[in-house]
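*Asks:* the sequence and its predicted three-dimensional model are supplied below.
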Amino acid sequence: MDFPDTTAAENYRRRQALAMTPEQRLELGAELNRQAWELLQANPAAYEAFLKRNFRLRRRRENKSSHEQ
């Protein structure tokens, strides 16, 4: 079951994900989040960049939602 316009690696990862149970996918997501958080905490510059981007995007969303009301 290949998907159009995708690489072999993308198809492989998609097949692997489809073979997992929902619980396994949740566990994998939690593990990837944990690893990403550890990497951010290990690199102060990366953590600062993450916070700046997060706050900037949050402000943008808040401004957008306040204009819609």
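*Replies:* Yes, it's here. Just so it is clear, the structure is predicted and the values come from calculations on it, not from any experiment.
*Asks:* for the residue nearest to the spatial centre of the chain, pull up the helix or strand it's in.
*Replies:* Closest residue to the average C-alpha location of the chain: Asn33 at 8.0 Å, with C-alpha atoms, centre = their mean. Element membership for Asn33 (DSSP states H and E) is helix 22-42.
*Asks:* can you name the next helix or strand after that helix?
*Replies:* Helix 22-42 is succeeded, C-terminally, by helix 44-68 (DSSP H and E).
*Asks:* mean confidence score for that following helix?
*Replies:* Averaging pLDDT along helix 44-68 gives 89.
*Asks:* what lies in contact with that helix?
*Replies:* 39-41 (C-beta atoms under 8 Å, 6 or more residues apart in numbering). For glycine as for every other residue, the C-beta is placed from the backbone atoms N, C-alpha and C.
*Asks:* that helix to helix 22-42, inter-axis angle?
*Replies:* With axes from the mean of the first three to the mean of the last three C-alpha atoms, to 10 degrees defining the directions, helix 44-68 sits at 120 degrees from helix 22-42.
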